[in-house]
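Undergrad: take this sequence and fold it.
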Amino acid sequence: MTAAIGAQDLLRRASAGDQMDWIAAALAQPIGAPAISVWAYTAPAVVLGRSQRLTPEIAQRAATAGVPVRSSPAGGSAVLAGPWMLGAAVLLPPGHPSIGPSIPQSFRWFGVAHAAWLRRHGVDAMASPAPAPAQPGDEELDWACFASVSRWEVVAGSGKIVGLAQARRRNGVLLMSAVLLQPPPWALLCNVMNKPLSHAAVLACKTSSCARMRGQAIDPATLVQALRKALGEQLVTQELRAA
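TA: The predicted model follows:
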């Protein structure tokens, strides 16, 4: 078993729909070796968590806004993908040493690797070892992925910058991340999900981004390649420790 970069490891610049199609195809067959895919999204899309249902009303509002909607096999809350975000997916075969007995334990190396990668690019980030304390009104925002910080998700400054999700199957485990390069148009997500526009302001306060932390934008192509490399190196480290 090796995490060395190979034919299954993909570097893409495409839509969230393409990413979901790739993940669905990968999960439909046995996962024999680790595979890493990092995506720079080309257009906006709403990605629903697996606990959320794509209703006709959501589909209609999304169509009116000109935004496609897809469902993710991982996570429980909605994400607004787009040019302001990078997405990563790591597929692990059953028994891989990076798979912990619990969801948080599987997230640990994943979040730590993202935080270290961000720090190398001038973003002061850390993987949170504990969930962020709940604040009054947080339950009203549980529909949005970036409204809360779970264990080993990544924060920068006072806001969440990397969200994590996971799907555990008989044929392996999928780990996913969403990294905020710039502040997303939260009002668009609120519109599609039929949530008060006041939620957009709260999400803006609860989140951070690479551009906000550095005071300038970063070339996504540079970050994509570096994240892919960082995740691959961390998988190799996990395998060597288990050997």
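
Undergrad: now do the buried residues in the strand ranked longest in the chain.
TA: Using DSSP state E, we find that the single longest strand of the chain is strand 159-169. Across strand 159-169, burial judged by 16 or more other C-beta atoms under 10 Å covers 159-167. Any C-beta I mention is one placed from the backbone N, CA and C, and that applies to glycine too.

Undergrad: helix or strand right after that strand?
TA: Beyond strand 159-169 on the C-terminal side, the first helix or strand identified by DSSP states H and E is strand 172-180.

Undergrad: now that next one - C-alpha only, CSV.
TA: Provided in CSV are the C-alpha atoms of strand 172-180 (Å, rounded to 0.1, in the frame of the first residue of the first chain):
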residue,chain,number,x,y,z
GLY,A,172,-12.9,2.4,2.0
VAL,A,173,-13.1,5.9,3.4
LEU,A,174,-13.5,9.3,1.6
LEU,A,175,-12.1,12.5,3.2
MET,A,176,-13.1,15.8,1.8
SER,A,177,-12.0,19.4,2.4
ALA,A,178,-13.2,22.8,1.3
VAL,A,179,-10.7,25.7,1.6
LEU,A,180,-11.7,29.3,1.5
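
Undergrad: gap between that strand and the chain center?
TA: 5 Å (C-alpha atoms, centre = their mean, to the nearest Å).

Undergrad: show me how far the longest helix along the chain is from its chain's centre.
TA: Criterion DSSP state H: the longest helix present in the chain is helix 220-242. Chain-centre distance of helix 220-242: 15 Å, with C-alpha atoms, centre = their mean.

Undergrad: any idea of the mean pLDDT in it?
TA: On average, the pLDDT along helix 220-242 is 89.

Undergrad: for stretch 26-45, same thing?
TA: The average pLDDT within stretch 26-45 is 92.

Undergrad: from here on, call the first residue 24.
TA: With 24 as the first residue, the last one maps to stretch 49-68.

Undergrad: report the separation between the two terminal residues of it.
TA: Its start and end residues considered, stretch 49-68 measures 21 Å (C-alpha to C-alpha, to the nearest Å).

Undergrad: likewise for stretch 172-184?
TA: One end of stretch 172-184 sits 10 Å from the other (C-alpha to C-alpha).

Undergrad: what comes up buried for it?
TA: Neighbour count says stretch 172-184 has 172-179, 182-184 buried, by 16+ other C-beta under 10 Å.

Undergrad: do the same with stretch 209-219
TA: 209-216, 218.

Undergrad: can you check stretch 247-258 too?
TA: Across stretch 247-258, burial judged by 16+ other C-beta under 10 Å covers 247, 249-251, 253-255, 257-258.

Undergrad: for those residues, give me JSON lines that also has distance to H144.
TA: Shown next, in JSON lines, are the buried residues of stretch 247-258 (distance: C-beta to C-beta, whole Å):
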{"residue": "V247", "distance to H144": "12"}
{"residue": "A249", "distance to H144": "7"}
{"residue": "L250", "distance to H144": "9"}
{"residue": "R251", "distance to H144": "14"}
{"residue": "A253", "distance to H144": "10"}
{"residue": "L254", "distance to H144": "14"}
{"residue": "G255", "distance to H144": "17"}
{"residue": "Q257", "distance to H144": "16"}
{"residue": "L258", "distance to H144": "20"}
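
Undergrad: what two of the residues you listed are the furthest from one another?
TA: V247 and L258 (17.1 Å; C-beta to C-beta).
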